[in-house]
Structure formats: structure tokens, C-alpha cells
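Trainee: only the shape, not the letters, is given here:
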């Protein structure tokens, strides 16, 4: 389930791409498939190990070429272990809302992006996220949880302050907003609640099968209910 549109980001074979806060690696895997030279970075050692193993399995299965470059690094978003202008493309998907000093993280992202390079940043959209916070304190008040809700203007203002120029934006994952509202309503930890389980099965079906009915519904609903805000930016040459 990808949040970033790689065509809008402009990813090409051989380009250097950083996936900051890679988590399970979904964006890194797609970038490797496209032939980018990928570095996936996360603060959690478990995530780093999982992504490294999955990339190895992709090579073994012939899903990607063995000579495609892909590295996985455990690191701190506030002190990235890369030189200035290392990357042609940068992705930071659903990570800035977890970082107390997000201005410092944005400055680091801008620093490691080359002049003329592009970046995609995704965060939870204000409206759907505000509903989650209103329904459940437990949803966000956990170790490593969300520390803020971004308004679009605030996010873009801070990214401009880091030296980046906005290029455009869109919303994604409308079908996921009601799922999280239900989870917050019944309790975020109640994975076995019948309604939560039924909705989860629907989302898994959508992700694995991409049926036209759910793809069309999400496309139509994204402007209203999209759970994620995705912004694309350029570092001026």
C-alpha cells in the first residue's frame, strides 16, 4: 500500500533515494523495484532487520536485480549519517508526526537532498486525525506515538523554512479513515472486536486484490476523507 506517487516524485533508475522512517519498508521496496539506489533508514532495530531480510528475499526470488543497490541503516532523523546533497529523492512517509523536534528533522532532510532534487512528505491529514484524537486519548498518547496534528499550511510553512519549495499535494487512503475511527471508538487495542476484524478484512482485500469497486470509491473519497496528506517539494538549485 503506497502513499507516495513515484511519478510525481520523479524516481528514475540509478538515482539515490532515502526512505526516512522506512518502517516495514513498503516505499523502499517499490523504489528498489524501479531501480533506484535505495537507503532505508529507521530508528528501530526490528524494522531495520525486517527490511534488510525482505530485500534479500526479493533478490533471491528474482523480483529485483542482484546488482540493484539497497542498504538499510539504523539511525536518528535528527542526525542523518550522510553528507550534504547525497540523495536525488527523499521520502518521509508518516514519520514527522512522531518527532518532537520536527524542524530539526526537516532541516536534515533538506540538507541531504541535492539541489534540484525532490522530496515527498506524508503526514496524517488534520480532519481525520483530529477525530481519532477526540475519540481516544490512547490512540496517540503512547511511547513513539503522534505528538502533533499538522494543518497543511503549518506543514508547508515549516518545510519552506527548511529551504524546500512546494510543488503540489494530494490525499490518500480514504478507506482507512473510518477504520481508525472505529478502532478509536471501541479502543485502539481491541483488534478482535467483530467490527474491527470485518473492516480489516475489507482493507486487506482491497490491498491484495485492488478490486475496481474499492479503488473507485477511494479515488472519489480521497479529497474528503483521505487519511494521509502527501506533499511534494523541490530543493531549489
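Mentor: That came in fine, so what should we check first? Remember, it's a predicted structure, so these values are computed and weren't measured experimentally.

Trainee: could you use CA atoms for every contact and neighbour count after this?
Mentor: Will do.

Trainee: so what's residue 144 closest to, chain neighbours aside?
Mentor: Nearest residue to residue 144, sequence neighbours excluded (Cα to Cα, 6 or more residues apart in numbering): residue 98, at 6.2 Å.

Trainee: need the strands for this protein, in chain order.
Mentor: Using DSSP state E, the strands assigned to the chain run over residues 16-20, 37-42, 70-74, 87-93, 113-124, 165-172, 228-234.

Trainee: residues making contact with the last one?
Mentor: Right, the one you point to is strand 228-234. Strand 228-234 is touched from outside by 3-4, 8-9, 116-125, 152, 164-173, with contacts defined as Cα atoms under 8 Å, 6 or more residues apart in numbering.

Trainee: derive a PyMOL selection command for the buried subset of those.
Mentor: A single PyMOL command selects the buried members of the contacts of strand 228-234 (16 or more other Cα atoms under 10 Å):
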select buried, resi 3+4+8+9+117+118+119+120+121+122+123+124+125+164+165+166+170+171+172+173
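
Trainee: what about this protein, any weak spots by pLDDT?
Mentor: The chain contains residues with pLDDT under 70 at 65-68.

Trainee: give the contact list for the residue nearest the centre of it.
Mentor: For the chain, residue 93 is the residue whose C-alpha lies nearest the centre (Cα atoms, centre = their mean; 1.9 Å). By Cα under 8 Å, 6+ apart, residue 93 lies in contact with 3-4, 19-22, 120-123.

Trainee: let's go with 6 Å and repeat that
Mentor: Shown in contact with residue 93 (Cα atoms under 6 Å, 6 or more residues apart in numbering): 121-122.

Trainee: distance check, it against residue 185.
Mentor: 25 Å (Cα to Cα, to the nearest Å).

Trainee: cool, and residue 31?
Mentor: Residue 31 is 36 Å from residue 185, by Cα to Cα.

Trainee: do residue 91 as well
Mentor: In terms of Cα to Cα, residue 91 sits 31 Å off from residue 185.

Trainee: which residue is the nearest non-sequential neighbour of residue 58?
Mentor: Nearest to residue 58 is residue 64, by Cα to Cα, 6+ apart, at 6.0 Å.

Trainee: neighbours around the one you found, how many?
Mentor: By other Cα atoms under 10 Å, 19 other residues sit near residue 64.

Trainee: number of residues surrounding residue 133?
Mentor: Applying other Cα under 10 Å, we find 17 residues neighbouring residue 133.

Trainee: that should have said residue 201, apologies.
Mentor: Neighbours around residue 201, by other Cα under 10 Å: 12.

Trainee: list the contacts of it.
Mentor: Neighbour list for residue 201: empty [criterion: Cα under 6 Å, 6+ apart].

Trainee: likewise for residue 170?
Mentor: Neighbouring residues of residue 170 by Cα under 6 Å, 6+ apart: residue 230.
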